[in-house]
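Q: heads up, no residue letters with this:
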């Protein structure tokens, strides 16, 4: 269901529902906030501080969930407004709600939240959100000055932030960059006797697309902590680590009650590709009646198609030196 399928509401009706603490906020009204008109956004901004705090939190969480399931929904304007919310939980949720946005104009506000927000939950959310701009900086899709500001702020946060979660989230975002000092940050986090730091190190390893980390990742595929194991599985897929294929098959055969682990294994294998992956996914489709699982598995098959196309292209790409030698040999044989 999307906004186009919803009943049209005037703002007065939305305001009444927002302020009525005796009744739940109607779910169909949440779609009103997608691609909200400027005049309605101003009216919402005026009334928002009067809305019960739990309702503000709940509405932002509802928007976040809807945006994850339907990427055509656009709650950015409301999210930007809520970056100024008095409630830190609402501010942090608003930051997460901007996960789709690649607007460089957001960076100054995110940097301000990272450096100045009094609550660690918000600073950590900002550190995570800035990871997207590290990635865009590596692709040269934002200005060099913005990219350097993001990098320097995240490095400082990783090294100096008083809250461990902020330091960890900064490291995870730095995983995308090729800055020379970052591998040392990742290695130190990996070597700590701490499962939370290990989770962050593995996340950063996967984002780095640096094959130096493959052996580190492989060692963690059977870690007893499920979150560490999950991050190792994801990293194996991001690194396209062919050596992880058999261990991942073994994990699949063992079975798991953890849906996150199951989906991570399937997706990692779809990125690695190779013998047995397609039949495994096709068999999984045949054995389930769950619509959401089938949809995910079909998306994994599409991703596997892409992986196989890239692999085929790589196999067809000739080494220039070898090709030159073939040409020389052919020319010599003609003489």
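A: Received it, and whenever you're ready, just let me know what you need. On a predicted model such as this, the values are computed, not experimentally measured, just so you know.
Q: where exactly do the helices run in the stretch 51-200 of the chain?
A: Counting by DSSP state H, counting those that start in this stretch, one finds helices in the stretch 51-200 of the chain at the ranges 53-69, 76-82, 88-97, 107-116, 120-138, 144-160, 164-174, 182-191, 195-208.
Q: Would you convert the ones you listed into JSON lines that also reports mean neighbour count, mean pLDDT and distance to residue 215?
A: Glycine gets a C-beta too; all of them are placed from N, C-alpha and C. Formatted as JSON lines, the helices of the stretch 51-200 of the chain follow (neighbours: other Cβ atoms under 10 Å; pLDDT from 0 to 100; distance: least, Cβ to Cβ, whole Å):
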{"stretch": "helix 53-69", "mean neighbour count": "17", "mean pLDDT": "96", "distance to residue 215": "34"}
{"stretch": "helix 76-82", "mean neighbour count": "21", "mean pLDDT": "98", "distance to residue 215": "40"}
{"stretch": "helix 88-97", "mean neighbour count": "23", "mean pLDDT": "98", "distance to residue 215": "33"}
{"stretch": "helix 107-116", "mean neighbour count": "18", "mean pLDDT": "98", "distance to residue 215": "33"}
{"stretch": "helix 120-138", "mean neighbour count": "23", "mean pLDDT": "98", "distance to residue 215": "24"}
{"stretch": "helix 144-160", "mean neighbour count": "17", "mean pLDDT": "98", "distance to residue 215": "24"}
{"stretch": "helix 164-174", "mean neighbour count": "24", "mean pLDDT": "98", "distance to residue 215": "20"}
{"stretch": "helix 182-191", "mean neighbour count": "18", "mean pLDDT": "98", "distance to residue 215": "11"}
{"stretch": "helix 195-208", "mean neighbour count": "23", "mean pLDDT": "98", "distance to residue 215": "11"}
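Q: Pipe these into JSON lines and attach distance to residue 313 per row.
A: As requested, the helices of the stretch 51-200 of the chain are exported to JSON lines (distance: least, Cβ to Cβ, whole Å):
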{"stretch": "helix 53-69", "distance to residue 313": "32"}
{"stretch": "helix 76-82", "distance to residue 313": "36"}
{"stretch": "helix 88-97", "distance to residue 313": "36"}
{"stretch": "helix 107-116", "distance to residue 313": "35"}
{"stretch": "helix 120-138", "distance to residue 313": "22"}
{"stretch": "helix 144-160", "distance to residue 313": "30"}
{"stretch": "helix 164-174", "distance to residue 313": "31"}
{"stretch": "helix 182-191", "distance to residue 313": "29"}
{"stretch": "helix 195-208", "distance to residue 313": "23"}
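Q: what's the pLDDT at residue 311?
A: pLDDT, residue 311: 76.
Q: can you check residue 303 too?
A: Per-residue confidence (pLDDT) for residue 303: 96.
Q: again, but for residue 48
A: pLDDT at residue 48 comes out at 98.
Q: same deal with residue 100?
A: On pLDDT, residue 100 comes in at 88.
Q: Now do the contacts for residue 116.
A: Under the criterion of Cβ atoms under 8 Å, 6 or more residues apart in numbering, residue 116 has no contact partners.
Q: What of the one 3 residues further on?
A: For residue 119, the residues meeting the contact criterion (Cβ under 8 Å, 6+ apart) are 88, 91-92.
Q: Please report how far it lies from residue 64.
A: The gap separating residue 119 from residue 64 is 18 Å, by Cβ to Cβ, to the nearest Å.
Q: nearest to residue 287, of the helices of the stretch 51-200 of the chain?
A: Taking Cβ to Cβ, helix 53-69 is the member of those nearest to residue 287, at 24.3 Å.
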